[in-house]
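In: here is the input, now give the coordinates:
(one chain, ligands or ions: 2)
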Amino acid sequence: MITIEQLRFTWPGQPQPILDIEAFALNDGEHVFLKGPSGSGKSTLLSLIAGIHTPQSGVLTVNHQALSRLNARQRDQFRANHIGYIFQQFNLLPYLSVLNNVTVPLRFSNVRRQALNQSPHQEAATLLDRLGLPANCYHQPVTALSIGQQQRVAAARALIGAPALIIADEPTSALDADTRNAFIRLLQDRCRESNSSLLFVSHDSQLARFFDRDVSLPSLNRAMHHEEASQ
Ligand code: ADP
Ligand code: MG
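Out: Ligands and ions are numbered 1, 2, ... in the order given. As a prediction, this is how the structure comes out:
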C-alpha cells in the first residue's frame with residue numbers, strides 16, 4: 001500500500017532534512033502503528049504520504065501510484081479518492097450536521113461515491129451506527145457533540161467510500177483511556193470491513209499492542225541519527 005525508498009525531505013529554510021528514510025513498506029490491509037516523540041517528523045511523513053508536500057528525493061508510492069508522477073492537482077484528486085485522513089483536531093465543519101460532515105469526501109470523489117451500496121446519508125448513518133454514535137445526534141451540528149463523539153464523526157468521514165488507506169494522526173490524544181481503546185478497536189474493525197490499510201500515528205507507545213506491527217520513526221529515520229550523533 002505504501003513503499004518508501006531513500007526518501008529525503010527538508011522543510012524550506014531548514015539546514016538539515018527532517019526525514020531521511022532508507023526504506024519503509026506498509027502491506028495491503030496491514031494496520032501499522034507509527035510511534036515517535038513529538039517533533040520527530042511523524043506528521044511531516046504523513047503529509048508526504050498524503051501528497052500534501054513533496055519530498056526532495058526518493059521514491060514514494062501509495063496504492064501502487066508513484067506520487068512523483070502526479071502534479072499538485074492530480075495529487076489532490078488522488079488523496080480525495082484513496083486516502084481517508086483523521087486529524088488530531090478533527091477538522092470537522094462546525095456549521096454542518098453530523099451526517100453532512102461525514103459525506104463531505106463524496107463531494108470530491110466519484111471513486112468513493114461509486115463505492116457506496118446505498119445513498120450517501122444512509123451510508124453515513126450505517127458507519128456512525130457501527131462506530132457507536134447514537135442516531136439522535138445525526139442531524140445536530142457537530143459542535144453539539146462530545147470530543148469522543150466528534151472523533152467518531154471524523155473516523156466515519158475518513159472511512160466513507162472505503163478508501164484504500166486510512167491515515168490517523170494522533171486521533172486519540174484528547175480521549176480518556178477507555179474511550180481511546182474502544183475507538184481504536186472500532187476504527188480497526190471498520191478498516192477490516194472496507195479492506196482499508198491503516199497507518200496510525202501516536203507518541204503514546206502503549207498503543208502499539210493494538211496493531212499488527214509497530215514502527216518507530218526515530219529508528220527509521222537516518223536524519224534523527226545524524227542529529228543525535230552531532231549533539
Ligand atoms: P511530529 O508530528 O512527530 O510531532 P512534525 O512532523 O509535526 O513532528 O514536526 C517535525 C519538525 O518539522 C518540527 O520540529 C518542526 O520544526 C518542523 N515543521 C513541521 N511543520 C513545519 C512547517 N509547516 N514548516 C516548517 N517546519 C515545519
Ligand atoms: Mg504530529
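In: what's the burial count for whichever residue of the chain sits closest to ligand 2?
Out: Here the chain gets closest to ligand 2 at one residue, S43, 3.2 Å apart by C-beta to the ion. Every residue, glycine included, has its C-beta placed from N, CA and C. A count of nearby residues for S43, using other C-beta atoms under 10 Å, gives 15.
In: and what of A72?
Out: Neighbour tally, A72, other C-beta under 10 Å: 9.
In: how near is it to L34?
Out: 25 Å (C-beta to C-beta, to the nearest Å).
In: mind checking the SS state of the residue positioned nearest the centre of the chain?
Out: For the chain, the residue lying nearest the average C-alpha position, counting by C-alpha atoms, centre = their mean, turns out to be I167 (1.4 Å). With DSSP: H, G, I helix; E, B strand; the rest coil as the basis, I167 sits in strand.
In: if we can go back for a sec, checking the residue of the chain closest to ligand 2 next. Helix, strand or coil?
Out: helix.
In: for the helix ranked longest in the chain, the distance to its chain's centre please.
Out: Assignment by DSSP state H gives helix 177-193 as the longest helix of the chain. Chain-centre distance of helix 177-193: 14 Å, with C-alpha atoms, centre = their mean, to the nearest Å.
In: give me the contact list for that helix.
Out: Contact partners of helix 177-193, identified using C-beta atoms under 8 Å, 6 or more residues apart in numbering, comprise 29, 31, 86, 127, 130-132, 148, 151-152, 155, 159, 166, 168, 171-172, 175, 196-198, 200, 207, 210.
In: again, 7 Å this time
Out: 31, 127, 130-132, 148, 151, 155, 159, 166, 172, 175, 198, 207, 210 (C-beta atoms under 7 Å, 6 or more residues apart in numbering).
In: what's the answer for stretch 42-50, then?
Out: Here stretch 42-50 has contacts from 2, 9, 18-19, 34, 36, 53, 55, 60, 62, 79, 83, 85, 167, 169, 201, 217, using C-beta under 7 Å, 6+ apart.
In: quick one: it near ligand 1?
Out: Yes - Stretch 42-50 comes into contact with ligand 1 (C-beta under 6 Å from any ligand atom), by way of 42-44.
In: tell me the buried residues in that stretch?
Out: Within stretch 42-50, the residues that count as buried by 16 or more other C-beta atoms under 10 Å are 42, 44-50.
In: same question for stretch 131-150.
Out: Across stretch 131-150, burial judged by 16+ other C-beta under 10 Å covers 131, 133, 137-138, 141-142, 145, 148-150.
In: and these as a markdown table, adding secondary structure and distance to L67?
Out: A markdown table is the format used below for those (DSSP: H, G, I helix; E, B strand; the rest coil; distance: C-beta to C-beta, whole Å):
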| residue | secondary structure | distance to L67 |
| --- | --- | --- |
| L131 | coil | 30 |
| L133 | coil | 33 |
| C137 | helix | 37 |
| Y138 | coil | 36 |
| P141 | strand | 35 |
| V142 | helix | 31 |
| L145 | coil | 34 |
| G148 | helix | 34 |
| Q149 | helix | 34 |
| Q150 | helix | 30 |
